[in-house]
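Enquirer: quick one, what's the 3D model for this:
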Amino acid sequence: MLREMHSFPLEKQVKIVIASMALHNFIRINAKMDMEFKPYDDDQGLLPLNEEESRVDSLVEEDGSHHTREMEEQRDRIANLLISH
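Expert: Residues are numbered from 1 along each chain as shown. The predicted model follows:
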């Protein structure tokens, strides 16, 4: 988002940075270790792999841009939410 900043007024750019840092700080302060998920965090092999995940993994291997495109869309959705509020 910040690499290709559109011509937003400086005040709006400042608000985007402040909102991003506030969200970052909120997550760091409120993130707690969830003991129910700890075994899965420690060993990814414990997670069940369903058919859809396998299909997506093979698509990503065939076309690395799939993940990039998906992340760009997600980034744009988040940026639009930040800007609209």
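Enquirer: helices along this protein, start to end?
Expert: In the chain, the helices defined using DSSP state H lie at 10-30, 38-42, 51-62, 65-84.
Enquirer: looking at the ones you listed, which is nearest to Glu4?
Expert: helix 65-84 (10.0 Å; CB to CB). Glycine gets a C-beta too; all of them are placed from N, C-alpha and C.
Enquirer: so where is this protein shaky, pLDDT-wise?
Expert: 1-3, 5-6, 33-34, 37, 40, 44, 46-67, 85 (pLDDT under 70).
Enquirer: ok, back up a step: CSV for the helices of the chain, including distance to Glu4 and mean neighbour count?
Expert: Formatted as CSV, the helices of the chain follow (distance: least, CB to CB, whole Å; neighbours: other CB atoms under 10 Å):
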stretch, distance to Glu4, mean neighbour count
helix 10-30, 13, 11
helix 38-42, 33, 10
helix 51-62, 23, 10
helix 65-84, 10, 11
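Enquirer: and Ser84, how far from Ile78?
Expert: 11 Å (CB to CB, to the nearest Å).
Enquirer: kindly report the same for Met71.
Expert: From Met71 to Ile78 the distance is 10 Å (CB to CB).
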